[in-house]
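1. With the sequence up front, the predicted model follows.
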Amino acid sequence: MPTVRDLKTKAGNEPITMLTAYDAPTAAIIDEAGTDIILVGDSLGNTSLGYETTLPVTVDDMARHTAAVARATDDALVVADMPFLSIGVDESASVENAGRMIKEADAHAVKLECGPHTVDLTEKLVQLGIPVMAHLGLTPQHVNQYGGYPRQGTDQEAAERILELAEAHADAGAFSLVLEHVPANLAADVTQALETPTIGIGAGPDCDGQVLVIDDVVGLSEWSPSFSKQFGNVRAEMESAVDDYVSAVESGEFPAEEHSHEEADLEELY
Ligand code: KIV
């Protein structure tokens, strides 16, 4: 398993790879492919729980899915996302919720959607032994403030605010910084300015690593953002398999002889 320290060494040499996962079989596939980090994102809400946004996702949801991912992962670093309002309201509740991901769900680190309110919390968690990945730029838990999921850091003032927040979280001890949906040149500047590795999503090629949502990568999502790339078509495969199953049951073709057995000694019951 790469430690948070290994990631720092890797940054700048070889790109860091990160993907989301929400269940054990998917985590096993991602882990066996040699992915550095598996993020149990609160995108769980959209991908797997049928919500429109990530806001309804609970700490219990995250703990259960993180534990499933951790059980199936041998090598990758497992990072649990902290869901909406589970951190930042009250320090002791934030520490307790983040602690659950480590103690109960076996994550190695937590990810926080960050703002000025998470700098001190990052320092506290790191002091307590909970490694923190800081998420900056587009933070989807602010959907109601944004009115959607717009690109962030597009003017000078906003770009400077993102750089300052990145510096503050790096100084507070965050081991990596996710930069979401920001201009590539801003992400390149943040990456240049800081030793803490950056992991981009919709942030151009110059970050130390890249992350995408697994459903987008394998082609399972109904919709995916323009900065994502589909590398497979699992939805089409599933649709075809399910159609074939329904037809086979309806036609009587399934189950066939090889899927059933008869007990010769069993007497007729009626
Ligand atoms: O929840 C998530 O999947 C994320 C990634 C997109 C970075 O936050």
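-> In hand now; what should we look at?

2. so Asp81 sits right up against Val40, yeah?
-> Yes: under the criterion of Cβ atoms under 8 Å, Asp81 makes contact with Val40 at 6.2 Å. For every residue, glycine as well, the C-beta is placed using N, CA and C.

3. Just the helices from the chain, written as ranges.
-> Taking DSSP state H, the helices of the chain run over residues 4-10, 24-32, 44-47, 59-71, 91-103, 119-128, 143-146, 156-171, 184-193, 214-218, 234-251.

4. Output those helices in TSV; the columns should cover distance to the ligand, mean pLDDT and mean neighbour count.
-> Formatted as TSV, these follow (distance: least, Cβ to the nearest ligand atom, whole Å; pLDDT from 0 to 100; neighbours: other Cβ atoms under 10 Å):
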stretch	distance to the ligand	mean pLDDT	mean neighbour count
helix 4-10	15	72	16
helix 24-32	13	98	18
helix 44-47	7	98	22
helix 59-71	10	98	20
helix 91-103	14	98	18
helix 119-128	16	98	18
helix 143-146	12	96	11
helix 156-171	15	98	17
helix 184-193	13	98	19
helix 214-218	9	98	21
helix 234-251	17	98	11
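
5. check contacts around Lys229.
-> 212, 216-217 (Cβ atoms under 8 Å, 6 or more residues apart in numbering).

6. With Gly45 instead?
-> Neighbour list for Gly45: 51, 53-57, 61, 83 [criterion: Cβ under 8 Å, 6+ apart].

7. Could you point out which of the residues you listed is nearest to the ligand?
-> Nearest to the ligand among the contacts of Gly45 is Thr54, at 6.3 Å by Cβ to the nearest ligand atom.

8. Please report how far the closest residue to Asn233 other than its chain neighbours lies from Thr54.
-> Closest residue to Asn233 apart from its sequence neighbours, by Cβ to Cβ, 6 or more residues apart in numbering: Gly219 at 4.2 Å. For Gly219, the distance to Thr54 equals 21 Å [Cβ to Cβ, to the nearest Å].

9. of these two, who's got more company?
-> Thr54 (22 against 16; other Cβ atoms under 10 Å).

10. Is His117 in contact with Asp90, as I believe?
-> No: taking Cβ under 8 Å as the definition, His117 is not a contact partner of Asp90, at 11.4 Å.

11. Pro140 contacts Thr53, doesn't it?
-> Yes: using Cβ under 8 Å, Pro140 is in contact with Thr53, at 7.1 Å.

12. more crowded one of these two?
-> Each of Pro140 and Thr53 has its neighbours counted (other Cβ under 10 Å); Pro140 has more, 20 against 15.

13. Report the contact partners of the more buried one.
-> Shown in contact with Pro140 (Cβ under 8 Å, 6+ apart): 42-43, 53-54, 113, 149, 180.

14. Among the residues you listed, which ones are in strands?
-> Mapping the contacts of Pro140 onto strands (DSSP state E) picks out 113, 180.

15. Who wins on neighbours among the contacts of Pro140?
-> Among the contacts of Pro140, the one with the most neighbours (other Cβ under 10 Å) is Asp42, at 31 neighbours.

16. got the phi/psi numbers for it?
-> Dihedral pair for Asp42: phi -80, psi 0, per degrees, to the nearest 10.

17. correct me, but it touches Asp81?
-> Yes: counting by Cβ under 8 Å, Asp42 touches Asp81, with 4.3 Å between them.

18. and for those two, which residues touch both?
-> Counting by Cβ under 8 Å, 6+ apart, the shared contacts of Asp42 and Asp81 are Met62.

19. which residues sit against stretch 248-262?
-> Applying Cβ under 8 Å, 6+ apart, the external contacts of stretch 248-262 come out as 245, 247.

20. Would you quantify the distance from Ala70 to Asp120?
-> For Ala70, the distance to Asp120 equals 28 Å [Cβ to Cβ].

21. same question, Val178
-> For Val178, the distance to Asp120 - Cβ to Cβ - is 19 Å.

22. ditto for Asp61
-> According to Cβ to Cβ, Asp61 stands 26 Å off from Asp120.
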